[in-house]
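Q: When you get a sec, could you give me coordinates for this:
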Amino acid sequence: TLADGWAYARLYESTRQRNDALPGWLHFYNHHRAHSTIGGQPPVTRLTNLPGHHTYGVVAALTLGVVDTLSDGITTVLTSWETWALVVAVVGGPLLQQAAFQAGALGASLPAVVVGEPVVAAVVGVTVLDERLSTGGAGWALVAVLVAVLVVATIALARASAGAGTESSGGRAP
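A: The predicted model follows:
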């Protein structure tokens, strides 16, 4: 496809002219060209933007780290890695998320957002910020059951959302 659609699709006057045409062709291929293997949709519609959605979980966890450094003074806040990671996540998260919203149906990515944000916040809190959950044997069993229910419900929601999108177009991708 690359050879037929871009490299040899027309006569280029130079290699530079061919190379200059590549970004536009890649954009067309990934954002506009229908692909039969994914229901006539462009590849970009299959992105759920997990990094963009989960930056909010990272923001929640990093905020705790930044707040903990406030009592040490403004210099400590400005020189801590948590502050700058928080800035990147606060700026980058919405940019990534808005790009994903333009890429495809909200129903495809919303279940991942709903589950992912608190999960990522918990993982970052435990692994990076050394937070701990204080519970016993029965508490851990309850946590395991609730996580399993969360996973099953998320999968069901994602399947229902995907099914609703194809049913409205007569069983075909729009």
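Q: Where is the longest helix in the chain?
A: What stands out as the longest helix in the chain, according to DSSP state H, is helix 137-167.
Q: what mean pLDDT does that one have?
A: In this model, helix 137-167 has a mean pLDDT of 76.
Q: Stretch 41-58 now?
A: For stretch 41-58, the per-residue pLDDT averages 64.
Q: what about it, start to end distance?
A: Start to finish, the residues bounding stretch 41-58 are 31 Å apart (C-alpha to C-alpha, to the nearest Å).
Q: For Leu2, see how far away Leu11 is.
A: 17 Å (C-beta to C-beta, to the nearest Å). C-beta coordinates here come from the backbone N, C-alpha and C atoms, glycine included.
Q: and what of Asp72?
A: 54 Å.
Q: for Val88, same thing?
A: 33 Å.
Q: With Val143 instead?
A: From Val143 to Leu2 the distance is 48 Å (C-beta to C-beta).
Q: ditto for Leu157
A: Counting by C-beta to C-beta, the gap from Leu157 to Leu2 is 37 Å.
Q: Report the rounded mean pLDDT for stretch 2-22.
A: 84.
Q: Can I get it in CSV, CA atoms only?
A: Presented in CSV, the C-alpha positions along stretch 2-22 are these (Å, rounded to 0.1, in the frame of the first residue of the first chain):
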residue,chain,number,x,y,z
LEU,A,2,2.8,2.4,0.8
ALA,A,3,4.5,1.8,-2.5
ASP,A,4,1.3,2.1,-4.6
GLY,A,5,-0.3,4.9,-2.5
TRP,A,6,2.7,7.1,-2.0
ALA,A,7,6.1,6.2,-3.4
TYR,A,8,4.9,5.3,-7.0
ALA,A,9,1.5,6.9,-7.1
ARG,A,10,2.8,9.7,-9.2
LEU,A,11,6.0,10.9,-10.8
TYR,A,12,8.0,13.0,-8.4
GLU,A,13,10.7,15.4,-9.6
SER,A,14,13.0,14.5,-6.8
THR,A,15,13.5,12.3,-3.7
ARG,A,16,12.9,15.4,-1.6
GLN,A,17,9.6,16.0,-3.2
ARG,A,18,8.6,12.4,-2.6
ASN,A,19,9.7,12.6,1.0
ASP,A,20,7.8,15.9,1.5
ALA,A,21,4.6,14.1,0.3
LEU,A,22,4.9,11.3,2.8
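Q: Contacts made by that stretch with the rest, please.
A: Defining contact as C-beta atoms under 8 Å, 6 or more residues apart in numbering, one finds that stretch 2-22 is touched by 25-26, 29.
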